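Enquirer: Generate a structure from the sequence data that follows.
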Amino acid sequence: MNYTISEIAEKMGLTAHTLRYYDKEGLLPFIDRSDSGIRLFQEKDLEWLAVINCLKETGMPVKEIKNFIDLCMEGNKTFKKRLNLFLIQKKKVEDQITVLNKYMEKIDYKIWYYETALSKGIEAANKGSKCCKDIKVGWVKNCGNSKNKKKQ
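Expert: Numbering: from 1, shown residues only. As a prediction, the model looks like this:
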């Protein structure tokens with residue numbers, strides 16, 4: 001069964017514009033076309049699109065995704081290169097998760113702080129301060145985002 005670009009976009013949670021962009025960038029060489037040039041998506045294309053979307057959503061640039069697609073099109077002789085590509089991407093995602101977990105710790109602390117302040121009385125939590133007594137020095141420095149760290 002063939003799907004139109006609109007149907008596949010809806011199935012994948014993408015826009016038709018995104019799929020056209022992916023095609024223009026060479027990420028969809030496996031997509032068949034009708035005699036009149038209309039893209040004909042098939043069920044087997046869903047897994048390709050899922051992998052492309054996964055790589056894109058985890059921060060891989062389109063150029064690197066294109067490299068992966070090109071390797072796939074070359075066949076089994078590129079398995080080692082593809083494995084390496086995914087190992088590198090996995091490390092990047094693990095690093096992102098580490099940063100997000102640090103942010104979650106800060107968010108959890110703020111939730112605890114405000115719940116405690118509300119349950120014990122806001123004045124007791126602030127002790128007469130006008131603003132932000134709960135912000136600890138070093139939060140920005142230790143937040144896990146290298147952009148926020150001071151250059152040494």
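
Enquirer: looking at this protein, which helix or strand is least sure?
Expert: helix 122-126 (a mean of 63; mean pLDDT, DSSP states H and E).

Enquirer: List the strands paired with the longest strand along the chain, with their directions.
Expert: In the chain, assigned by DSSP state E, the strand with the most residues is strand 39-42. Strand 39-42 has the following sheet partners, assigned by DSSP bridges: strand 2-3 (antiparallel), strand 32-33 (antiparallel).

Enquirer: Looking at these, which is nearest to Gly59?
Expert: Taking Cβ to Cβ, strand 2-3 is the member of these nearest to Gly59, at 27.9 Å. All C-beta spots, glycine's among them, are computed from the backbone N, C-alpha and C.

Enquirer: re the thing from before, after the longest strand of the chain, which helix or strand is next?
Expert: helix 45-57 (DSSP states H and E).

Enquirer: for the lengthiest helix in the chain, what is the average pLDDT?
Expert: Counting residues, the longest helix found in the chain (DSSP state H) is helix 79-120. Averaging pLDDT along helix 79-120 yields 95.

Enquirer: Likewise for stretch 50-62?
Expert: pLDDT averaged over stretch 50-62 gives 97.

Enquirer: which parts of it are buried?
Expert: Ile52, Asn53, Leu55, Lys56, Met60 (16 or more other Cβ atoms under 10 Å).

Enquirer: Show residues contacting it.
Expert: 12, 14, 22, 25, 27, 64-65, 68-69, 89, 92-93, 96 (Cβ atoms under 8 Å, 6 or more residues apart in numbering).

Enquirer: That concludes my questions; thank you for your assistance.
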